[in-house]
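Peer 1: Let's see this in three dimensions:
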Amino acid sequence: MAIIGFIGLGNMGGPMAANLVKAGHKVTGYDIVPAALEALKAAGGAVAASASDAVKGAEIVITMLPAGEHVRQVWLHQGGLIDVVKDTKPLLIDCSTIDVESARVVTAAAEEAGMTMLDAPVSGGTVGAANGTLTFMVGGDAGAFAKGLPVLQAMGKNIFHAGGPGAGQAVKICNNMMLAINMIGVAEGFILAEKLGLDWMKLHEICTTATSNSFALSNYCPAPGPTPASPANRDYAPGFMTALMLKDVKLSQAAAEATGVATPMAALAQSLYQATADAGDAAKDFSVVFRLLEGMKRA
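Peer 2: So this is what the prediction gives:
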């Protein structure tokens, strides 16, 4: 079993660290929120007074942070974790969802210090984090991936090596861009169906066997009723917050701008999730875009 330093114990990182403890790993965590530290302690992990203290003596260091700026700050600047661990040279894993450039910059700094690093963003939301069923999309050296695989398997069900540095982030950005667009399409379909006099349960039964089937339709339906476990049946409690989906769609648009790729559907999706957040639903599950669309009138 590994000695692990884990930085970032929020809605995703906390359950992930707890699953590592459950798998028998020795985990020391750090977060700026005291309640997050208490939760890890209750799960059997150890807590540290700072990020640098959490990673001392670690064989593997994992971060789960909100954005690229936080990742750069923790690894390169004020936190300076690369400098802290350069003598012991643990395997470094960042599970945050960030821009590809930040992932590559931090990885390059780690390699310059003689270490290997994986960018390993996840899909599966808070339910997947709690249940240990996350999908990991991993970029980095193949040897580092093999070394990190047993640890990732303690937190996830599907672990993919996507390619070199930044490839994990690239897959995650594309995945969430497609999901964001797809969720809006499903929402529009159910809203139209209701106006046409169709029963949502019957629509769901038929369409999940037809060509419109998707994860958003079959497992995460934004209309209340058809999928009992979906956030739509819990007043859109996340799940995956609108604010986070908006962040990821913005990352996709920044990548599209940088590469000259036209993504008109994603651009429209960004505007709709922005409107949803502005309407006060930033902390609701992203499928709450259904309510925004339901209230709109055709021009």
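
Peer 1: Name the helix or strand for Gly128, please.
Peer 2: helix 125-131 (DSSP states H and E).

Peer 1: after that helix, next one along is what?
Peer 2: Going down the chain from helix 125-131, the next helix or strand is strand 134-139, by DSSP H and E.

Peer 1: Give the other helices and strands that the helix holding Gly128 contacts.
Peer 2: Helix 125-131 sits against helix 13-22, with contacts defined as 3 or more Cβ pairs under 8 Å, 6 or more residues apart in numbering; DSSP states H and E. The way it works is simple: take the backbone N, C-alpha and C, and place the C-beta from them, glycine included.

Peer 1: ok, Leu192 to Ala223 distance?
Peer 2: In this view, Leu192 and Ala223 are 11 Å apart by Cβ to Cβ, to the nearest Å.

Peer 1: I misspoke; the intended subject was Thr263.
Peer 2: Distance from Thr263 to Ala223, by Cβ to Cβ: 26 Å.

Peer 1: Now do the strands in the stretch 1-150 of the chain.
Peer 2: 3-7, 26-30, 46-47, 60-63, 91-94, 117-119, 122-123, 134-139 (DSSP state E, counting those that start in this stretch).

Peer 1: and those strands, which one is worst for confidence?
Peer 2: Comparing mean pLDDT across the strands of the stretch 1-150 of the chain, the weakest is strand 122-123, with a mean of 94.

Peer 1: strand partners of that strand, parallel vs antiparallel please.
Peer 2: strand 134-139 (antiparallel) (DSSP bridges).

Peer 1: Mean neighbour count for the strands of the stretch 1-150 of the chain - can I get that in JSON lines?
Peer 2: Below are the strands of the stretch 1-150 of the chain laid out as JSON lines (neighbours: other Cβ atoms under 10 Å):
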{"stretch": "strand 3-7", "mean neighbour count": "27"}
{"stretch": "strand 26-30", "mean neighbour count": "24"}
{"stretch": "strand 46-47", "mean neighbour count": "17"}
{"stretch": "strand 60-63", "mean neighbour count": "26"}
{"stretch": "strand 91-94", "mean neighbour count": "28"}
{"stretch": "strand 117-119", "mean neighbour count": "29"}
{"stretch": "strand 122-123", "mean neighbour count": "22"}
{"stretch": "strand 134-139", "mean neighbour count": "25"}
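
Peer 1: Tell me which of those approaches Asp278 most closely.
Peer 2: Nearest to Asp278 among the strands of the stretch 1-150 of the chain is strand 122-123; the distance by Cβ to Cβ comes to 25.7 Å.

Peer 1: on that earlier part again, list the buried ones in the helix holding Gly128?
Peer 2: Buried residues in helix 125-131, defined by neighbour count with 16 or more other Cβ atoms under 10 Å: 125-126, 128-130.

Peer 1: what's the answer for stretch 109-116, then?
Peer 2: Neighbour count says stretch 109-116 has 109-111, 115-116 buried, by 16+ other Cβ under 10 Å.

Peer 1: Nearest to Val55, out of those residues: which one, please.
Peer 2: Met115 (11.9 Å).

Peer 1: what about the closest residue in space to the closest one that isn't next to it in sequence, distance to Ala58?
Peer 2: Closest residue in space to Met115, ignoring its immediate chain neighbours: Lys89 at 5.1 Å, by Cβ to Cβ, 6 or more residues apart in numbering. Going from Lys89 to Ala58 by Cβ to Cβ gives 11 Å.
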